[in-house]
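Visitor: Just to be clear, the model below is a prediction. Sequence and coordinates:
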Amino acid sequence: MFNLTSPLKSQPLLFPLTSKSTIIMTSSNPSPPPITVFASTTPDYDRAKAVKQFDETKHGVKGLVDSGVQKLPPFFVHPPETLSDLKPRPGSESEVPTVDFSAVETSRAAVVDQIRRAASTIGFFQVINHGIPPELLERTVAAMKKFHEQPAEERARVYRREMGTGVSYISNVDLYNSKAASWRDTLQIRMGPIAADPEEIPEVCREEVRAWDKEAVRVGELVIGLLSEGLGLGAEKLPEMGLVQGRVMVGHYYPPCPEPDLTVGLTSHADPGALTVVLQDHVGGLQVRSKDGWVDVKPVPGALVFNIGDLLQIISNEEYKSADHRVLANCSNDPRVSIAIFFNPGEREKTFGPLPELTSAEKPPLYRNFTFNEFITRFFKKELDVEVVGVEGYGKLCVERKLPSSTEVRVIMKKPVPNVQPRDLPPIGLYVSEEVSDDDDPIYEYASEELHTPDQSQTQTESLAENSAVQEKSTNHVISQNAAATTPSAPVQIPFKPPSQQPRMGQPKTPATSSKFRPKQTIRRPRASTNSPSNPPATPPPDTTQTQSTSASVATSEETFKVAGSEAIGMNFIPTPVSKNQKN
Ligand SMILES: O=C(O)CCC(=O)C(=O)O
Ligand SMILES: [Fe+2]
């Protein structure tokens, strides 16, 4: 899954491309020399052109390594705020527990407890003795490695950004939108609810990935049952919600990196779906963010790594935690291979939200109900759309628009917002609307009255039950600090209209409740698109990369919006509902 940290979390600022950056590396070397990155900052460096050229080779990062590169192409160099934070806390790996499933039969309650504890703290755990034959796991990793190490022409045959066939080999899903590329290539395969035609899956790994998917579903369902018990819901409740039917598999290949201190393998993100399982090889580099800092998820032979996704965090009303995680650039001599499966609901129109069993007057729902369709659309909109970044001054809601180039547009809401508390803030996508006017300039509009005026006529309970809003994690994080500083009074629950009544993209405005803001710079966006995450356009339009080189414009492909700034791998494969005559 997109900061990008999570699509739901605060994003680092864009990499300033206009000036030379000096990065002081904090390594074990007592006096590390400052590393000066001239790369992306050289005035005549045409980043957009370089990115496009790289993409058009269709050979991925592996192709670069095979060509003998010793220095990173500049567009792989990450910003100082990422690079200065690449080490884990020493000795912290023990925080990700390893759970032995051979005890499920004999001591189920103990296993449930171990999983519950991990899911509600660090959000990650490893599972051993899960019953998947070790040879199958080894064969699957070897087959995926073989795919990525085929002759470049073979790989190039499936190198594509569009997902129509359900199979795509790609380097950096967000290549055209991210602030910096990552040292990794990926083979993505849709496994459910409508699996890719097996003939489309590269033969070199076809049999293995299908067998791995089958076994992973079995273990995934068991894990979801145990997680369900951990919530006190019995073993059936979560499994009955069909959370493993929509599946995307990603086979990542992280080639050895010549300058691993200047880039990453996979940027920090949280997975948006319900649950993820990762089969990783021996190399290592996966890290999860704990409350005290980054923690290694060390390879354990034969183990599967499980992590809670955003959807399960929401369903569990935050009993379970969807944690940020990342992969460091590979500093070993061996390539790293990992194969993840994202478990998502199979039905996009089904409604999700905190389970009523998990809410009460003391534990009110922290999110409102939504369809998975809506959730995932918001996920993909998040990075490029307006984002609340803080409360400035006395209760002024500050939103910021981030673009894939060096443009940032900051909009300060004029209306004071007293008593803003993290939980009171609305989901941004539902409240900030954007229009393309006649001259193609977007107009930002904030329905301020509607949003922030508490409706005193409703009781708190009613407002929570009927109108509780989906909360942005990023909003929560950022606002909670700022709001605490500016609004010390007790939280006030502010009711919101149901999403269907909120201003949306392209809907007519209500002048009485709107304030208009014009961004400082012209931003060109498509007038309309019918593309959906499951139905992306064939290719980025020709001007996509070019727009990135000009700081005042934004990519014009709907697909690039959806994956914007995100490494939400595989989520552009969001499954469509299974039609009656099709099955997995
Ligand atoms: O490669 C890994 O170990 C993790 C992959 C991951 O987090 C993802 O694909 O979302
Ligand atoms: Fe992930």
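Guide: Perfect, I can see it now. This structure is a prediction, so every number in the text was calculated from the model and none was measured. Ligands and ions are numbered 1, 2, ... in the order given.
Visitor: Going by C-alpha atoms from here, please, whenever you check contacts or count neighbours.
Guide: Will do.
Visitor: Return the backbone torsion pair for Ser94.
Guide: Dihedral angles of Ser94 (phi, psi; degrees, to the nearest 10) stand at phi -70, psi -10.
Visitor: Show the pLDDT at it.
Guide: On the pLDDT scale, Ser94 is placed at 78.
Visitor: Kindly report the same for Asp85.
Guide: Looking at Asp85, its pLDDT reads 87.
Visitor: what do you get for Asp439?
Guide: 29.
Visitor: quick one: buried residues of the longest helix seen in the chain?
Guide: Counting residues, the longest helix found in the chain (DSSP state H) is helix 203-230. For helix 203-230, a neighbour-count test (16 or more other C-alpha atoms under 10 Å) marks 204-206, 208-210, 212-213, 215-217, 219-230 as buried.
Visitor: so Pro272 touches Gln313, yeah?
Guide: No - with contact defined as C-alpha atoms under 8 Å, Pro272 does not count as touching Gln313 (9.5 Å).
Visitor: With neighbour numbers in mind, choose between these two.
Guide: With neighbours defined as other C-alpha atoms under 10 Å, Pro272 and Gln313 compare such that Pro272 has more, 27 against 24.
Visitor: Not counting its neighbours along the chain, what's nearest the more buried one?
Guide: Of all residues not flanking Pro272 in the chain, Asp310 sits nearest, at 4.6 Å (C-alpha to C-alpha, 6 or more residues apart in numbering).
Visitor: so which residue of the stretch 151-300 of the chain comes closest to ligand 1?
Guide: In the stretch 151-300 of the chain, the residue found nearest to ligand 1 is Leu286; the distance is 4.9 Å by C-alpha to the nearest ligand atom.
Visitor: if I look at that residue, how far off is Gly251?
Guide: Distance, Leu286 to Gly251, using C-alpha to C-alpha, to the nearest Å: 14 Å.
Visitor: Okay, helices next: where are they in the stretch 201-350 of the chain?
Guide: Along the stretch 201-350 of the chain, counting by DSSP state H, counting those that start in this stretch, helices occupy 203-230, 310-315.
Visitor: how about Ala152, what does it touch?
Guide: By C-alpha atoms under 8 Å, 6 or more residues apart in numbering, the contact set of Ala152 is 58-59, 63.
Visitor: if we go to 10 Å?
Guide: Contact partners of Ala152, counting by C-alpha atoms under 10 Å, 6 or more residues apart in numbering, are 57-60, 62-63, 66.
Visitor: and ligand 1, which of those contact it?
Guide: Among the contacts of Ala152, no residue sits close to ligand 1 (C-alpha under 6 Å from any ligand atom).
Visitor: Output those as CSV; include the columns pLDDT.
Guide: Output for these, formatted as CSV (pLDDT from 0 to 100):
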residue, pLDDT
Thr57, 97
Lys58, 98
His59, 98
Gly60, 98
Lys62, 98
Gly63, 98
Asp66, 98
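Visitor: what's the neighbour count on the closest residue to the residue of the stretch 151-300 of the chain closest to ligand 1 other than its chain neighbours?
Guide: Distance criterion C-alpha to C-alpha, 6+ apart; nearest residue to Leu286, sequence neighbours excluded, is Val327 at 4.3 Å. Val327: 23 surrounding residues under other C-alpha under 10 Å.
Visitor: Can you read off the pLDDT for Val327?
Guide: At Val327, pLDDT is 97.
Visitor: Just list whatever residues bridge to it.
Guide: Beta-bridge pairing for Val327 (DSSP bridges): Leu266, Leu286.
Visitor: Spit out the contact partners of it.
Guide: Taking C-alpha under 10 Å, 6+ apart, we find Val327 in contact with 86, 182-184, 254, 264-269, 284-288, 296-297.
Visitor: name the element the nearest residue to Thr98 once chain neighbours are set aside belongs to?
Guide: In this structure, Thr98 finds its nearest non-sequential neighbour in Gln126, 4.5 Å apart by C-alpha to C-alpha, 6+ apart. Here Gln126 sits within strand 124-128, counting by DSSP states H and E.
Visitor: likewise Glu105?
Guide: Counting by DSSP H and E, Glu105 is found in no helix or strand.
Visitor: Would you agree it is in contact with Val111?
Guide: Yes - between Glu105 and Val111 there is a contact at 9.5 Å, judged by C-alpha atoms under 10 Å.
Visitor: ok, these two, which is more surrounded?
Guide: Val111 (21 against 9).
Visitor: Correct me if wrong, but that one is in a helix.
Guide: Yes - using DSSP: H, G, I helix; E, B strand; the rest coil, the assignment for Val111 is a helix.
Visitor: Identify the residues contacting it.
Guide: When contacts are counted by C-alpha under 10 Å, 6+ apart, Val111 touches 99-105, 117, 226-227, 230.
Visitor: Please report the distance of it from ligand 1.
Guide: 24 Å (C-alpha to the nearest ligand atom, to the nearest Å).
Visitor: how about Glu362, what does it touch?
Guide: By C-alpha under 10 Å, 6+ apart, the contact set of Glu362 is empty.
Visitor: can you map out the strands along the stretch 51-200 of the chain?
Guide: Counting by DSSP state E, counting those that start in this stretch, one finds strands in the stretch 51-200 of the chain at the ranges 98-100, 124-128, 167-170, 185-192.
Visitor: Including mean neighbour count, could those strands go into a markdown table?
Guide: Converted to a markdown table, the strands of the stretch 51-200 of the chain look like this (neighbours: other C-alpha atoms under 10 Å):
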| stretch | mean neighbour count |
| --- | --- |
| strand 98-100 | 19 |
| strand 124-128 | 23 |
| strand 167-170 | 27 |
| strand 185-192 | 27 |
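Visitor: can these go into CSV with extra columns for distance to ligand 1 and mean pLDDT?
Guide: Converted to CSV, the strands of the stretch 51-200 of the chain look like this (distance: least, C-alpha to the nearest ligand atom, whole Å; pLDDT from 0 to 100):
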stretch, distance to ligand 1, mean pLDDT
strand 98-100, 16, 98
strand 124-128, 11, 98
strand 167-170, 13, 96
strand 185-192, 9, 96
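Visitor: circling back to that earlier point, name the residues contacting each of Pro272 and Gln313.
Guide: Common contact partners of Pro272 and Gln313 (C-alpha under 10 Å, 6+ apart): Ser322.
Visitor: ok, which residues in the stretch 201-350 of the chain are in contact with ligand 1?
Guide: 271, 280, 286, 338, 340.
Visitor: Among those residues, name the ones in strands.
Guide: Judged by DSSP state E, strands contain the following of these: 280, 286, 338, 340.
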